[in-house]
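> Sequence plus the predicted model coming up.
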Amino acid sequence: MKLCLFTVLLVSSLFVQSQGLKCVTCESDDDHLDKFCEGTLANVSEDKMTSCKGSDRCFAAYIKLLAFTGWKRGCCSSENADVCDQDNVLTEKELCTTDGCNTMDPRNGVSKMAVQGWMLGAILAVGLAQATL
């Protein structure tokens with residue numbers, strides 16, 4: 001009986017692993033607005049999730065550059081140099097590792113964003129000042 005139960009559990013765990021991580025996948029920007037993708041998501045249905053074979057993390061990202069804003073949610077892998085490992089001062093990003101976990105608002109690091117925005121503004125001001133000399 002114990003062997004039978006162990007076998008069932010082992011086989012079912014292998015099946016779950018073969019399905020891969022499921023992440024919310026969507027994009028929204030000024031040209032292609034998808035209000036579902038913006039902010040903190042609630043009550044996400046299965047049809048908004050994608051099975052991410054070969055990926056071990058989900059991400060939620062927000063970018064703001066002057067008047068442009070964009071949102072992206074999806075799958076990424078720690079094994080490849082993709083959105084998981086790209087960092088810059090214009091993007092706020094959150095990573096997670098469970099099914100459907102990327103429903104958070106990545107802008108919740110507001111103080112970090114404000115500091116980065118201030119730094120970018122200072123760099124642009126110095127660059128413009130030097131260009132006019």
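Great, that's in hand.
> from here on, contacts and neighbour counts on C-alpha atoms
Will do.
> On the three-state scheme, residue 47 is what?
At residue 47, secondary structure determined by DSSP: H, G, I helix; E, B strand; the rest coil is helix.
> Same question for residue 55.
Criterion first, three-state DSSP; result for residue 55: coil.
> Next, the contact list for it, please.
Applying C-alpha atoms under 8 Å, 6 or more residues apart in numbering to residue 55 gives the contacts 20, 21, 75, 76, 77, 78.
> quick one: pLDDT of the first one?
What it means is residue 20. Looking at residue 20, its pLDDT reads 82.
> separation between it and residue 31?
According to C-alpha to C-alpha, to the nearest Å, residue 20 and residue 31 sit 32 Å apart.
> okay, these two: which has more neighbours?
Higher neighbour count among residue 20 and residue 31: residue 20, with 16 against 9, using other C-alpha atoms under 10 Å.
> Tell me the spacing between the closest residue to that one other than its chain neighbours and residue 77.
Nearest non-adjacent residue to residue 20, counting by C-alpha to C-alpha, 6 or more residues apart in numbering: residue 53, 5.0 Å away. Per C-alpha to C-alpha, residue 53 is found 10 Å from residue 77.
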